[in-house]
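**Student:** need a structure here:
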Amino acid sequence: MNWRLAEPKIRIAPSMLSADFSRLREELDGIEAVGVEMVHLDVMDGHFAPNLTFGPPVIASLRPRSKLFFDAHLMIEEPARYAEAFAKAGCDLLNFHIEVADDPKGLVDLIHGLGCACGVTLNPTTPADAIDAIVDRVELVLVMSVWPGFSGQKFIPDVLPKVEAIRPRLAAHQRLQMDGGVDLDTIPCCVSAGADTFVAGSAVFGRPDPPQAARALLEKAREAGERG
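**Tutor:** Residues are numbered from 1 along each chain as shown. Predicted coordinates:
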């Protein structure tokens, strides 16, 4: 497996959940043109997360039209059951929630066996030690700074100490991602806590000029990183 995002640097991952579904190809082209490397695909089943979004057919239709890294966030109760379908649709990374994983190590092995990078997600109140058994086996750890379900929620600052606790446990090739309420106001504190990859929905696609909004968010994060 070629882990395309192994290089440590600041990245943003605009969430297609907030994009204009009638022009997804144009939305992808726009953010790629300003230096975005990855896009976040929120997959919800109406059970684990109280919303329904899109599945493998939509992702498969986008895959031939974009070179962006497809980061699929599986907010579903049975990630093992559907992992192969999302891998075949063209996802580069499959990210499951530790809260629904009966056999986390087996699930990581399954995802790697499908040729995908693997991520693990923690909900806002899930402690950092919940991923102890697999933290060294995944390519990405995602800390939710809102509850899964809908974009536009308010950032939960109480998760920042958890980010700080996880950061020292990751190797250089592993990414530490945050998702939820990330915008120009909150991204500096996320960078300071140790995150390097940021999901942003309404802060990008909720703006009049999404590519420009993506550029501004990326620049703000990198400035925060340079200040240390």
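
**Student:** residue boundaries of the strands in the protein?
**Tutor:** Assigned by DSSP state E, the chain shows strands spanning 11-14, 38-44, 69-75, 93-97, 117-122, 140-144, 175-179, 197-200.

**Student:** how far away is the nearest residue in space to Arg169 that is not next to it in sequence from Lys154?
**Tutor:** Excluding the flanking residues, the one nearest Arg169 by CB to CB, 6 or more residues apart in numbering is Val135, at 5.6 Å. Where C-beta positions appear, they are placed from N, C-alpha and C, glycine not excepted. Here the criterion is CB to CB, to the nearest Å. By it, Val135 lies 28 Å from Lys154.

**Student:** neighbour count: these two, which is higher?
**Tutor:** The neighbour comparison of Val135 against Lys154 (other CB atoms under 10 Å) goes to Val135, with 18 against 10.

**Student:** what's near enough to touch the more buried one?
**Tutor:** Val120, Val141, Ile166, Arg169, Leu170 (CB atoms under 8 Å, 6 or more residues apart in numbering).

**Student:** at 10 Å instead, please
**Tutor:** Contact analysis of Val135 by CB atoms under 10 Å, 6 or more residues apart in numbering lists Pro104, Val120, Ala128, Asp129, Val141, Ile166, Arg169, Leu170, Ala171, Gln174.

**Student:** then Leu142?
**Tutor:** 13, 40, 71, 73, 95-98, 119-123, 175-180, 195, 197, 199 are the contacts of Leu142 under CB under 10 Å, 6+ apart.

**Student:** now the helices for the protein?
**Tutor:** If DSSP state H is used as the criterion, the helices of the chain fall at 24-32, 56-62, 79-89, 104-113, 160-166, 187-193, 202-205, 210-227.

**Student:** which among those is found nearest to Lys9?
**Tutor:** Between Lys9 and the helices of the chain, the tightest spacing by CB to CB is seen for helix 210-227, at 8.2 Å.

**Student:** tell me the mean pLDDT over that closest one?
**Tutor:** Computed over helix 210-227, the mean pLDDT rounds to 93.

**Student:** measure Arg169 to Ala224 for me?
**Tutor:** From Arg169 to Ala224 the distance is 22 Å (CB to CB).

**Student:** any low-confidence regions in the protein?
**Tutor:** 228 (pLDDT under 70).

**Student:** mind running it again at 90?
**Tutor:** 1-2, 45-52, 148-153, 225-228 (pLDDT under 90).

**Student:** in a markdown table, list the helices of the chain along with distance to Asp45 and mean neighbour count.
**Tutor:** Converted to a markdown table, those look like this (distance: least, CB to CB, whole Å; neighbours: other CB atoms under 10 Å):
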| stretch | distance to Asp45 | mean neighbour count |
| --- | --- | --- |
| helix 24-32 | 20 | 18 |
| helix 56-62 | 13 | 16 |
| helix 79-89 | 9 | 18 |
| helix 104-113 | 16 | 18 |
| helix 160-166 | 25 | 18 |
| helix 187-193 | 27 | 20 |
| helix 202-205 | 22 | 24 |
| helix 210-227 | 27 | 18 |
